[in-house]
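*Asks:* Show me the folded form of this:
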Amino acid sequence: MDYTHHYDSPLGGITMAGDGSALTGLWFDGQKYFADTLSAEHTERHLPVFDEADRWLDVYFSGKAPDFTPALHMRTTAFRKAVWEILLTIPYGRTMTYGQIAERIAAEKGLRRMSAQAVGCAVAHNAISLIIPCHRVIAADGSLTGYAGGIDKKAKLLQMEEAAKQPVSKNPVR
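*Replies:* Have a look, this model is predicted:
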């Protein structure tokens, strides 16, 4: 059984989903791929993991980097999970390119190369937005592209983190 919870953020409503012990989804209301991992049978309920996620979001929207992560359960393919786990390593206020993520996946899998477009698709389908920071992924030229919540929200999130002032590293963030 899936459970849901709503959070009012400065950038609009957020819907969360959980399985009883871990967060399985977090989406800006109405975003692309909204609730795509949420089962048809779900109900709104108070859960401790939602309290943790609310606390994480409160810290984040206060302009600080949260020093904890609520329990997460990534309902996805092995490839997307590998990409999302890399997203979790991007520090607050920093960015990484799709190509850097592709290079890291290729190195981890012993491949010559990996498609940045495939990485982009995995990033776009991130079901636990913000906490798994897909908004910190940018194009190789530094431009903001492809955020399911909307480019306007991506820009505001990066501005809030002051990531726009950080130079894009030539080396993947580790």
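*Asks:* ok, and what's touching the helix or strand of the chain with the lowest mean pLDDT?
*Replies:* Among the helices and strands of the chain, strand 42-44 carries the lowest confidence by mean pLDDT, DSSP states H and E, at a mean of 87. For strand 42-44, contacts defined as C-beta atoms under 8 Å, 6 or more residues apart in numbering pick out 1, 2, 3, 4, 5, 6, 17. All C-beta spots, glycine's among them, are computed from the backbone N, C-alpha and C.
*Asks:* Would you mark the buried spots in whatever helix or strand comes next after that strand?
*Replies:* Later in the chain than strand 42-44, the nearest helix or strand by DSSP states H and E is helix 48-61. Judged by neighbour count (16 or more other C-beta atoms under 10 Å), helix 48-61 contains these buried residues: 49, 50, 52, 53, 56, 57, 60.
*Asks:* Dump whichever helix or strand residue 159 is part of to CSV, restricted to CA.
*Replies:* Using DSSP H and E, residue 159 maps to helix 151-161. This file holds the C-alpha atoms of helix 151-161, laid out as CSV (Å, rounded to 0.1, in the frame of the first residue of the first chain):
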residue,chain,number,x,y,z
ILE,A,151,13.1,25.3,-16.0
ASP,A,152,11.8,28.2,-13.9
LYS,A,153,11.8,26.1,-10.8
LYS,A,154,15.3,24.6,-11.6
ALA,A,155,16.7,28.2,-12.0
LYS,A,156,15.1,29.2,-8.6
LEU,A,157,16.5,26.1,-6.9
LEU,A,158,20.0,26.7,-8.2
GLN,A,159,19.8,30.4,-7.4
MET,A,160,18.7,29.5,-3.9
GLU,A,161,21.7,27.2,-3.6
